[in-house]
Structure formats: structure tokens, C-alpha cells
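Peer 1: how would this look folded up:
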Amino acid sequence: DLFGAFTVTMKLFPAIVTLHLLGGMVLLALLVMQVAQTMQAMPAGQGGRGVQPVAVPAGTVWLLYATAAALTLQIALGGWVSTNYAVLACSDFPQCQGKFWPAMNFDEGFGLWRALGHTTAGAVISFPALTAIHYTHRLAAALVLLLLAALALRLNRTPGLRQPSRWIAALAGLQVASGLGNVVLGWPLLAALLHTAGAAGLVMALTWVGCQVRVAGASRQGQPGVRTDERALA
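Peer 2: Presented below is the predicted three-dimensional model:
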């Protein structure tokens, strides 16, 4: 893995470390897709039964795509927070440094191609830059949680998708708890590990749902294996 090698040789270069994290998440999503597609192709008695396609409204599919895109961005922001050691730039909640809008330097914080602890110009990165990194991740988290909640509610109304909807809700709750734990407890190792694991779990859950849902009307009426819930399509 080139990004893994570059992480070492380039001395924890923030952009490389973040790309390494995203690459791992992409690989995880591909593995989940492979498992789901294999199970769909298997006879019902051999495991395929639990991954039957489910027809849902187009709006649900678009909500799934929007949530997946927002989650991807949030994971990238989380990697940027971690690799820049910006977790402790805000040690209180819901405020940051006693303010709802603390002093921040976005230009320094989001200069992408730079060494760890430095700006793109080579100077030592400022504390307001670290604050900007942390606070952006925190603000984006609110949007992602809203999307996850809306998606979980919609999926929970559809037979065949209730179990993954509960997984999504539970993992979203874990992310809130572990994220707050990182802030108020001073970035303990357990909370950091749970936060990363929760993000990976959400990637798996959304990928699984993406492999399972079909837009209603996209398949021919009566196609074998596709379940349609009339209440969900109303």
C-alpha cells in the first residue's frame, strides 16, 4: 500500500495520512459490496435470503446517496482533525474555547499540501488554524447526523430494511458519544478507537443498504427476488 509507505517516509504528512484513511474506507466498502452481491446470487437456503433487493422510492435512494457523500466528507474531515492533532483545540461542548464562534484561521488550517505542524509557507501552524480544523468537523457532524436520522427513519418504515436502519441509528449514537468523549475527556485512546470504528461501521451499513435497495419501477413488475412495500412507496 503506497499511502501506508508514504505515511512513514513522509513523516505523517497530513494529506497522505488522510488519504490513507479514505483508501481504507473505500476498500472496506468494496469488500461489503462483494459480500452482498455474493449473497444475493446464492440460493435462499444458502444465505442469499437475507439480502433480497427491496424496492424503495427514488427519494430514499437519493437520500442514501446524499448521506453517503456527506459521511465521506466527514470521514475526510475527521482524518484531517486527527492527523493535525486538532482534537484538543476545543475541549468544551457545545461551545469551543467558551465561544460559539472562536477565533479561526481557515486558510492555514485547510492548506492541504504541507508538513505536519506547519503551514504551506513552512511556518509553524497557529492555534486558530487548529481550531478551524476541529470546528469544521464539528459543524459538519451536525449535518451528517441529521441525514443519518432522516435515512434511518425512512428505512425503518420499509420491511426488509428495518434491521440496517437500526444499525445506522445505533452507530450514529456511538459516533456522538465517542466524539464527545474525545473532546471532554482529553482524547482517550478508547474513545478515539470507537470513533474510527463507528465511522467504519457506518460505511459498511450504508454500503450494505446501497447494495440492497432498488428504485421502485426500475425493475419489471413481478421480477423475482425484489420485494416492494406499498406503504413505503405511498
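Peer 1: ok, and the residue sitting nearest the centre point of the chain, which helix or strand is that part of?
Peer 2: In the chain, the C-alpha nearest the mean C-alpha coordinate belongs to Leu71, at 3.4 Å (C-alpha atoms, centre = their mean). Assigned by DSSP states H and E, Leu71 falls within helix 58-83.
Peer 1: After that helix, which helix or strand is next? Please name it.
Peer 2: Note on helix 58-83: by DSSP H and E, the next helix or strand toward the C-terminus is helix 106-109.
Peer 1: Kindly calculate the angle that the helix of greatest length in the chain makes with helix 58-83.
Peer 2: When the chain is parsed with DSSP state H, its longest helix is helix 127-156. Inter-element angle recorded for helix 127-156 and helix 58-83: 150 degrees (by axes from the mean of the first three to the mean of the last three C-alpha atoms, to 10 degrees).
Peer 1: tell me what helix 127-156 is packed against?
Peer 2: Counting by 3 or more C-beta pairs under 8 Å, 6 or more residues apart in numbering; DSSP states H and E, the packing neighbours recorded for helix 127-156 are helix 58-83, helix 106-109, helix 162-184. (Each C-beta comes from the backbone N, C-alpha and C, glycine too.)
Peer 1: Buried residues of the helix holding Leu71, list them for me.
Peer 2: For helix 58-83, the neighbour count (16 or more other C-beta atoms under 10 Å) marks 60-61, 63-64, 67-68, 70-72, 74-83 as buried.
Peer 1: Quick one: residues contacting the nearest residue to Met204 once chain neighbours are set aside.
Peer 2: In this structure, Met204 finds its nearest non-sequential neighbour in Val32, 5.1 Å apart by C-beta to C-beta, 6 or more residues apart in numbering. By C-beta atoms under 8 Å, 6 or more residues apart in numbering, Val32 lies in contact with Val203, Met204, Thr207, Trp208, Cys211.
Peer 1: Surely Val32 is in a strand?
Peer 2: No - counting by DSSP: H, G, I helix; E, B strand; the rest coil, Val32 falls outside a strand, being helix.
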